[in-house]
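Enquirer: Here's a sequence, model it:
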Amino acid sequence: MSEGWNPIQAYWKDNSQANRDALRAFLAPETTVWQYTHGVSAPTSVSPDGYSLDNYYLARPGADEVQLDLFGDYQSNVALYPTFQKYFRTHKPPFLAVWGKNDPFFLPPGAEAFKRDIPDATVRFFDTGHFALETHAVQIADEIRAFLAD
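Expert: Alright, predicted model coming up:
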């Protein structure tokens with residue numbers, strides 16, 4: 001996991017109010033825009049629709065607390081990684097991962113790691129950030145169609 005996860009991981013280790021409050025920066029409107037545009041070669045190519053809608057819903061009363069709870073709960077997903085990996089090693093399902101190579105949270109080595117468990121996994125990187133579909137929807141759709149055609 002990238003360093004961007006450090007505040008969240010600190011909250012997992014110590015769910016104090018101070019660590020919870022430190023996560024509120026992730027919910028700021030400018031952070032939402034950054035999540036959509038970071039790593040994108042032409043940030044103005046990202047439609048404001050997605051981040052504007054996200055910010056609208058994040059501004060609702062109590063939505064911040066729900067999001068903070070979700071940040072805390074994500075550790076249950078990470079704890080299941082060994083179970084997922086065992087499944088992948090055992091069953092070797094057909095697997096496609098499409099990834100923004102500039103994603104500040106889920107780094108390319110995380111996508112490449114799927115190949116350790118599923119050697120025939122298809123991993124494709126796009127020159128974009130976290131929300132790859134915002135800039136590469138057509139190319140990703142092409143990858144999905146090609147993958148499903150095999």
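Enquirer: burial of E3, as a residue count?
Expert: Neighbour count for E3, taken as other C-beta atoms under 10 Å: 10. (C-beta placed from N, C-alpha, C; glycine too.)
Enquirer: what's near enough to touch it?
Expert: E3 makes contact with no residue under the criterion C-beta atoms under 8 Å, 6 or more residues apart in numbering.
Enquirer: quick one: pLDDT of it?
Expert: If you check E3, the pLDDT there is 94.
Enquirer: F105 reaches H130, doesn't it?
Expert: Yes. Counting by C-beta atoms under 8 Å, H130 is a contact partner of F105 at 5.9 Å.
Enquirer: The two: which is more packed in?
Expert: Taking neighbours as other C-beta under 10 Å, F105 and H130 compare with H130 leading, 20 against 16.
Enquirer: Tell me which residues touch that one, please.
Expert: Q35, Y36, H38, G39, G100, D103, P104, F105, F106.
Enquirer: same question, F147
Expert: P94, L96, T122.
Enquirer: Run a quick neighbour tally on the last one.
Expert: Applying other C-beta under 10 Å, we find 16 residues neighbouring T122.
Enquirer: neighbours of G62, just the number please.
Expert: Residues near G62, counting by other C-beta under 10 Å: 7.
Enquirer: For R124, see how far away it is.
Expert: 38 Å (C-beta to C-beta, to the nearest Å).
Enquirer: Kindly indicate which of the contacts of H130 lies nearest Y74.
Expert: F105 (10.9 Å; C-beta to C-beta).
Enquirer: And the pLDDT at that closest one?
Expert: At F105, pLDDT is 95.
Enquirer: Please apply the same query to D150.
Expert: The predicted local confidence for D150 is 83.
Enquirer: which residues touch it?
Expert: P94.
Enquirer: 10 Å - rerun?
Expert: P94, L96, T122 (C-beta atoms under 10 Å, 6 or more residues apart in numbering).
Enquirer: My reading is that the first one lies in a helix. Confirm?
Expert: When you say that, I think you mean P94. No. Assigned with DSSP: H, G, I helix; E, B strand; the rest coil, P94 falls outside any helix and is coil.
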